[in-house]
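Engineer: A structural model of the following input is requested.
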Amino acid sequence: MRCTRLPQAAFDTLTAGAKVLEADSHGAKVYLLADGNILKLFRRKRLFSSALLRPYSARFIANAQRLRQLGVPTLKVLQHYRMGKPGMTAVLYEPLPGRNLRQLMDTADFTWQQSLEPLIALIRRLHRSGVYFRSLHLGNVIVTPEGELGLIDMADMSFTRGPLSKRLIKRNLEHFSRYLEREHLTACFPLAELNRALLK
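Structural biologist: Here you go, the predicted structure:
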């Protein structure tokens, strides 16, 4: 997708009335726009890095395209922007409809007895397709209105030529386990069952 320049005035118009969904020490990172679309900003963290040649935003877009090719529901990229500040780019996209598993866990009728198998099937499919998703966690797995599982926030994703090795699968599950610990979800998630299914 062609990267077009987004002048400050156009950025201000685009984000007028927007809700900031995520921010860091540099400022807002993710905006929910008035029309329901999302604008995600990407900043190059170091002066000299691989992002100089291939911005993180370009990887984000490429990863979304790869997931779609694999038949995994994900967001729809609408526009790729180059911002006025050096090293800053942005992606405008249509979010994937649905709610994430973290949100659904808090609903009265949710049980892992029904939801674990589809999650295992999705992760197994990713691993067999050579997808290493470092940011795999319950907040990034969306249950669509059709009942399918899809993925969002896939900037931190890489692909291997063949299925993931056992070592990479274990590392991926360790990232997932640390997420559960940070969110204090270990007691309410069947991690042992997930690990058994994916490591056998």
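
Engineer: hey, let's count contacts and neighbours off CA atoms from now on
Structural biologist: OK.

Engineer: what about stretch 174-185, distance to the chain center?
Structural biologist: Distance, stretch centre to chain centre, for stretch 174-185: 16 Å (C-alpha atoms, centre = their mean, to the nearest Å).

Engineer: and what of stretch 187-199?
Structural biologist: Relative to its parent chain, stretch 187-199 has a centroid offset of 21 Å by C-alpha atoms, centre = their mean.

Engineer: Extract the C-alpha set from that stretch and format it as PDB.
Structural biologist: What follows is stretch 187-199, C-alpha atoms only, in PDB (Å, rounded to 0.1, in the frame of the first residue of the first chain):
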ATOM      1  CA  ALA A 187      -6.200 -18.600  38.500                       C
ATOM      2  CA  CYS A 188      -9.100 -18.300  36.100                       C
ATOM      3  CA  PHE A 189      -7.500 -19.500  32.800                       C
ATOM      4  CA  PRO A 190      -6.800 -23.200  32.100                       C
ATOM      5  CA  LEU A 191      -3.200 -22.700  31.100                       C
ATOM      6  CA  ALA A 192      -2.100 -26.300  31.800                       C
ATOM      7  CA  GLU A 193      -4.700 -27.600  29.400                       C
ATOM      8  CA  LEU A 194      -3.700 -25.100  26.700                       C
ATOM      9  CA  ASN A 195       0.000 -26.000  27.000                       C
ATOM     10  CA  ARG A 196      -0.700 -29.700  26.900                       C
ATOM     11  CA  ALA A 197      -2.800 -29.400  23.700                       C
ATOM     12  CA  LEU A 198      -0.200 -27.200  21.900                       C
ATOM     13  CA  LEU A 199       3.000 -28.900  23.000                       C
END
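
Engineer: buried sites along that stretch?
Structural biologist: Phe189, Leu191, Leu194, Asn195, Leu198 (16 or more other C-alpha atoms under 10 Å).

Engineer: can you redo those as JSON lines with distance to Thr107 and secondary structure?
Structural biologist: Output for the buried residues of stretch 187-199, formatted as JSON lines (distance: C-alpha to C-alpha, whole Å; DSSP: H, G, I helix; E, B strand; the rest coil):
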{"residue": "Phe189", "distance to Thr107": "15", "secondary structure": "coil"}
{"residue": "Leu191", "distance to Thr107": "20", "secondary structure": "helix"}
{"residue": "Leu194", "distance to Thr107": "21", "secondary structure": "helix"}
{"residue": "Asn195", "distance to Thr107": "25", "secondary structure": "helix"}
{"residue": "Leu198", "distance to Thr107": "27", "secondary structure": "helix"}
